[in-house]
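1. Below are the sequence and a predicted model; questions follow.
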Amino acid sequence: KDFRNNVKPNWCPGCGDFSVQAAIQRASANVGLEPEQVAVVSGIGCSGRISGYINSYGLHGIHGRALPIAQGVKMANRDLTVIASGGDGDGFAIGLGHTIHAIRRNIDITYIVMDNQIYGLTKGQTSPRSAAGFKTKSTPEGAIEPALSPMETALTSGATFVAQSFSTDLKELTAIIEAGLNHKGFSLINVFSPCVTYNKINTYDWFKENLTKLSDIEGYDPSNRAKAMATLMEHDSLVTGIIYQNTEQPSYQELVPGYDKDSLVKQDLTLEEGQFQALMKEFM
Ligand code: SF4
């Protein structure tokens, strides 16, 4: 069960994405998966490279489209555990529509977002997660838009598993990814993963000062959606832990008619002679 491969990540030294990679590898092994049972599908960005750094099936997709690809993989081969991953620009800007629809669909995928609140691969532009006033080359006088809260967006979109973690807290992050992998339905895990090269505001120290662990809030109950939203608003979304989980709602897979037949990849799709032409005639 070794999810490590021999590819050396080319992230900057100190990048938060290293811990996310380690946490995915540990969590996958801890829940009893074998490398050939896992597919990691990523988008574009520094974080998108992660699919090449894990010993599993991997697909480095296109910007903002990790989730459509991951959903296709899951529907074609339900036996695979599918992990989608990418950055905040990838999943919460160009890919936000896919994120919301995958959430409300409750398809059985674990989506891990490495949230560094900036575009790192293109050398430091303001992202939808950058705070108002954030200065970069693309907003030299400071961002005039407020940051998107992915956790609040997920809750209002009907998410059944919403969690957040910090890349230095490998123990908590690994446990949350394990819970996400075990969740029956779509799990969104947002990880504060600092970009040490371009984001000089949201640093490791900044997060240490500003994050609150939900486990430190007495009586916090992740099954209470209203309380989850109130807690996010109270703490400006700067919390870590499982924010909300609904174990009752059926997953997309359980509702798709005929889904209990064999996976597409296991069905014999060979056509008899003339069948293809007959099929084409139907569409002429
Ligand atoms: Fe990580 Fe930022 Fe370097 Fe990209 S540019 S690898 S996000 S530290």
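-> Ah, there it is.
2. Number of residues surrounding residue 280?
-> Burial of residue 280, expressed as a neighbour count using other C-beta atoms under 10 Å, amounts to 9. No exception for glycine: its C-beta is placed from N, CA and C like everyone else's.
3. Check the gap between it and residue 274 for me.
-> Computed as C-beta to C-beta, to the nearest Å, the residue 280 to residue 274 distance reads 11 Å.
4. And the helices in the stretch 1-150 of the chain?
-> For the stretch 1-150 of the chain, the helices identified by DSSP state H, counting those that start in this stretch occupy 17-30, 66-76, 88-89, 96-105, 150-156, in order along the chain.
5. right, so these: which one is the most enclosed?
-> The highest mean neighbour count among the helices of the stretch 1-150 of the chain, using mean count of other C-beta atoms under 10 Å, belongs to helix 88-89: a mean of 30.
6. picking up where we left off before, of the helices of the stretch 1-150 of the chain, which is nearest the ligand?
-> Nearest to the ligand, of all those, is helix 17-30, at 5.6 Å by C-beta to the nearest ligand atom.
7. Identify the residues contacting the closest residue to the ligand within the stretch 151-284 of the chain.
-> When you check the stretch 151-284 of the chain against the ligand by C-beta to the nearest ligand atom, the closest residue turns out to be residue 195, at 3.2 Å. Residue 195 makes contact with 15-16, 46, 116-118, 120, 124 under the criterion C-beta atoms under 8 Å, 6 or more residues apart in numbering.
8. Cross-check these against the ligand and keep the overlap.
-> With C-beta under 6 Å from any ligand atom as the criterion, these include 15, 46, 116, 120 near the ligand.
9. can you list these in TSV and add neighbour count, distance to residue 249 and pLDDT?
-> Conversion of these to TSV gives the following (neighbours: other C-beta atoms under 10 Å; distance: C-beta to C-beta, whole Å; pLDDT from 0 to 100):
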residue	neighbour count	distance to residue 249	pLDDT
15	23	35	98
46	26	33	97
116	30	31	98
120	28	35	97
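10. wait, which of those is closest to residue 80?
-> For these, the residue nearest residue 80 by C-beta to C-beta is residue 46; the value is 25.2 Å.
11. wait, that closest one sits on residue 11?
-> Yes - contact between residue 46 and residue 11 holds when scored by C-beta atoms under 8 Å: they sit 6.1 Å apart.
12. Quick check: neighbours shared by those two?
-> A shared contact of residue 46 and residue 11, defined by C-beta under 8 Å, 6+ apart, is any residue touching both; here these are residue 17.
13. picking that back up, nearest to residue 185, out of the helices of the stretch 1-150 of the chain?
-> helix 96-105 (9.1 Å).
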